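K.L.:
Based on what follows, work out the 3D shape:
(3 chains)
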Amino acid sequence: MTAGRVLSPGFHSRVFDIVRRIPRGKVTTYGRIAAMLGHPGVARHVGNALAVCGREEIPVPWHRVVNASGKVSTNGTDQRTLLEREGVRFSPNGAIPLKIYVWQPPEAE
DNA sequence: GGTTTGACCATAA
DNA sequence: CTTATGGCCAAAC
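P.N.:
Reported below is the predicted structural model:
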């Protein structure tokens, strides 16, 4: 490889690819997606990518992605509504029990 | 091409 | 439980 300076060409695209693989009724966290991509510290970009996805109206189930606290980072109530609609139950404090609803990929590497 | 911005995360108090 | 702080790094300006 000539330069070898390729770290993440089109990071957003990779994020979308992961989010599309999330099955209905399951959720995942930003940091976890970042870890899947091989970058444990780029959780912020995962959220940023999804923000762009909403702006570009890209068909991605972004509502299935929450933060490490199990709460939605979006200000709107739409995300919670969509999740409950998929069968996800929220805790009294308004957070999701990740131990139950977190999506665990079949194969990790 | 440096500066600003984020749909975050871990830790501390 | 909440609030505050530092760090992480790509994309947009």
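K.L.:
I'd like the distance between A:A43 and A:P97.
P.N.:
20 Å (CB to CB, to the nearest Å). Heads up, the C-betas are built off the backbone N, CA and C, glycines and all.
K.L.:
Counting neighbours, go ahead and name the busier of these two.
P.N.:
A:A43 (18 against 13; other CB atoms under 10 Å).
K.L.:
you'd agree that one is up against A:M36?
P.N.:
No. The pair A:A43 / A:M36 is not scored as a contact, 11.3 Å apart, by CB atoms under 8 Å.
K.L.:
dump the residue contacts of the closest residue to A:G54 other than its chain neighbours.
P.N.:
Nearest residue to A:G54, sequence neighbours excluded (CB to CB, 6 or more residues apart in numbering): A:W62, at 6.2 Å. With contact taken as CB atoms under 8 Å, 6 or more residues apart in numbering, A:W62 is in contact with A:19, A:50, A:53-54.
K.L.:
How about A:I22?
P.N.:
Contacts of A:I22 by CB under 8 Å, 6+ apart are A:28, A:61, A:64-65, A:103.
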